[in-house]
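# here's a sequence, model it:
(2 chains)
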Amino acid sequence: MAAMFSQNPLMNGPNYSFNQAPSTSSGGNKEHAFYPYTDNGGSTLAISGSDFTIIAGDTRSTSGYSINTRFQPKVFKIGGTTSAQDDATLVLSVVGFAADGEALKERLDTIVKMYRYQHGKPMSVKACAQRLSTILYGKRFFPYYVTAILGGLDEEGKGAIYSYDPVGSYEREQCRAAGAAASLIMPFLDNQVNFKNQYMPGSGVGHELQEREKIPLKINEVEDLVKDAFDSAVERHIEVGDGLQMFVITKSGIEVIYKALKKD
Amino acid sequence: MPGFDFSNHTRNAALHARGVPLPKATSTGTTIVGCIFDGGVVNCEKLHYIAPQIWCAGAGTAADTEFTTALISSELELHSLSTGRKPRVVTCMTMLKQHLFRYQGHIGAYLVVAGVDPTGVGLFTVHAHGSTDKLPYVTMGSGSLAAMSVFETQWKSKMTEQEAVTLASNAIQAGIFNDLGSGSNVDVAIITKDKTTLKRGYVKPNERSKKQKSYVFKRGTTAVLNEKIITKEEISKYVTVHELGSGEATVGEKMDIDV
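Sure, this is the predicted structure:
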């Protein structure tokens, strides 16, 4: 009778599933596995405006229930003439597997630096966006395990954001959240940046009701939205916290703003 | 019938064998600690009442800690009534371990039991499989290593009440900040032979910051596809309507509105 309740196949109980198989092998072959990826948590967020782009990311790096460090940036300036990146015009954010993020950033940076040296001008966001896609797809069967967002100003000086999946599918967007808390932040952005599900009071009845008019947000409004989005994400996601880095890209350059987040 | 209902067990086993996942119980990411001092004991985080002078901190499967402590609390009170003596911490610990051992770890309760009884101060840990420890300072839960590191470096014998509370609170905070599973606040129970003091939110090192923007929507922002107005006369056919005077305080909670 006791065996009926046993979850162990060795004890002649029902064999439920693979994850309950005996951990000690009952004679035979031992399978070895190597998994080269880890998830380092964290979240990133990018919003473009009429003449600016803001890309932000938290600075916590995690593995499991532990914190590796409270300050590991995942947003980077790309393609400046020197390693100081003082004259950079592009910003890349990478979230997911931090080692791949670092490798991807280094590789893109080198390419954009070479372009600048050979052409005597900085690379456009559009060109860099296409190049990044090619890099990611080049590792289609051993991907960089990251969600990347590239930002800058387009040829007309308007804010531009390109978001990617790990194997290079990309799209220019108005705003995008990526990483651990993407599912928490993205609906907030849809509502507050693109005014989704907001209607003009009294503008009609039933389906005649008019959607709230889209107006481009001001730079300080976006900074506030970003801070509020991250403060809320910290409350509900354990992998997000410690610090917030905001890269504000305008025609006068890139300003980096650091703000503290909760450390629990 | 008393006890657990196993009537779905065979069905669930068959379903699981076909790939249906088991429902996940809430496991509390937790740091719980206990620490004795001269004449008493302190006990931190996620506290459950057992007896007036015996309290339990619980980690692991939330429902299991809740029900196990409630059950043992009840049995211990009956035991105390039948013997005519005050309940002892060892008795409580023994009842818990015997209960948990019988269920071979399937009841996922990890507990710190602390209290003062006629024999003196008692402080124990009880693991889900039924093993127990009796130590001058203990920690459990996902933040137990972080908390224990504080005890191992700072604990000393013969502490005052205030010293013990501060040490236990620091141990909990090590869990809060260094273990992602552990939450934000510190609760403390200070138990002496004369009285038990509960301090909920003893330390709140993680208050949420104020929002930068206001998120109040103009009335009418949400689309309404159709509406139906039910008058007071109509609704009185189904429920009793009680008119509240204008001066009378409205019953029920006031809604929180972010500004």
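# who's in contact with residue B:106?
Residues counted as contacts of residue B:106 (Cβ atoms under 8 Å, 6 or more residues apart in numbering or on different chains): none. All C-beta spots, glycine's among them, are computed from the backbone N, C-alpha and C.
# that one and residue B:112: what is the separation?
21 Å (Cβ to Cβ, to the nearest Å).
# give me the nearest residue to residue B:68, chain neighbours excluded.
The spatial neighbour of residue B:68 that comes closest, neighbours along the chain excluded (Cβ to Cβ, 6 or more residues apart in numbering or on different chains), is residue B:109 at 4.6 Å.
# make sure residue B:128 is actually in contact with residue B:101.
No. Residue B:128 lies out of contact with residue B:101 (Cβ atoms under 8 Å); the separation is 9.4 Å.
# neighbour count winner among those two?
Legend: neighbour count by other Cβ atoms under 10 Å in any protein chain shown for residue B:128 and residue B:101, higher for residue B:128 (22 against 17).
# so what secondary structure elements neighbour the helix or strand hosting residue A:255?
Taking DSSP states H and E as the criterion, the element that holds residue A:255 is strand A:253-260. Contact analysis of strand A:253-260 by 3 or more Cβ pairs under 8 Å, 6 or more residues apart in numbering or on different chains; DSSP states H and E lists strand A:243-250 as its packing neighbours.
# could you give the mean pLDDT of the strand it packs on?
In this model, strand A:243-250 carries a mean pLDDT of 98.
# just the C-alphas of that strand, formatted as CSV.
Extracted C-alpha coordinates of strand A:243-250, given in CSV (Å, rounded to 0.1, in the frame of the first residue of the first chain):
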residue,chain,number,x,y,z
GLY,A,243,20.1,51.9,-9.6
LEU,A,244,18.7,53.5,-12.7
GLN,A,245,20.8,54.9,-15.6
MET,A,246,19.1,57.2,-18.1
PHE,A,247,20.9,58.1,-21.3
VAL,A,248,19.3,61.2,-22.8
ILE,A,249,20.3,61.7,-26.4
THR,A,250,19.8,65.2,-27.9
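# quick one: residues in contact with that strand.
Contacts of strand A:243-250 with the rest of the structure, by Cβ under 8 Å, 6+ apart, involve A:51-60, A:70-71, A:73, A:75, A:77, A:89, A:91, A:151-153, A:159, A:219, A:223, A:226-227, A:230, A:254-261.
# residue B:62 and residue B:27 touch, don't they?
Yes. Counting by Cβ under 8 Å, residue B:62 sits close enough to residue B:27 to count as a contact (7.2 Å).
# surely residue B:123 forms part of a strand?
Yes. Counting by DSSP: H, G, I helix; E, B strand; the rest coil, residue B:123 falls inside a strand.
# low-confidence stretches in the chain?
Because you didn't say which chain, this covers chain A. Of all residues in chain A, those with pLDDT under 70 make up the ranges A:1-27.
# oops, chain B please
The model of chain B has pLDDT under 70 over residues B:1, B:39, B:43-45, B:245-259.
# which bits of it sit near chain A?
For chain B, the residues in contact with chain A under the definition Cβ under 8 Å from any Cβ of the partner chain are B:9, B:13-14, B:16-17, B:19, B:29, B:142, B:176-184, B:205-206, B:208-209, B:211-213, B:215, B:217-226.
# what does chain A put close to chain B?
Near chain B, the residues belonging to chain A are A:5, A:14-17, A:62, A:64-67, A:192, A:197-202, A:206-207, A:209, A:212, A:221, A:223-225, A:227-228, A:231, A:235, A:238-239, A:262-264 when assessed by Cβ under 8 Å from any Cβ.
# can you flag the buried ones in the residues you listed?
Burial by neighbour count, 16 or more other Cβ atoms under 10 Å in any protein chain shown: within the residues of chain A next to chain B this picks out A:14, A:16, A:62, A:67, A:192, A:198-199, A:209, A:212, A:221, A:223-225, A:227-228, A:231, A:238-239, A:262-264.
# which other residues reach the strand holding residue A:255?
For strand A:253-260, contacts defined as Cβ under 8 Å, 6+ apart pick out A:77, A:88-89, A:91, A:223, A:227, A:242-248.
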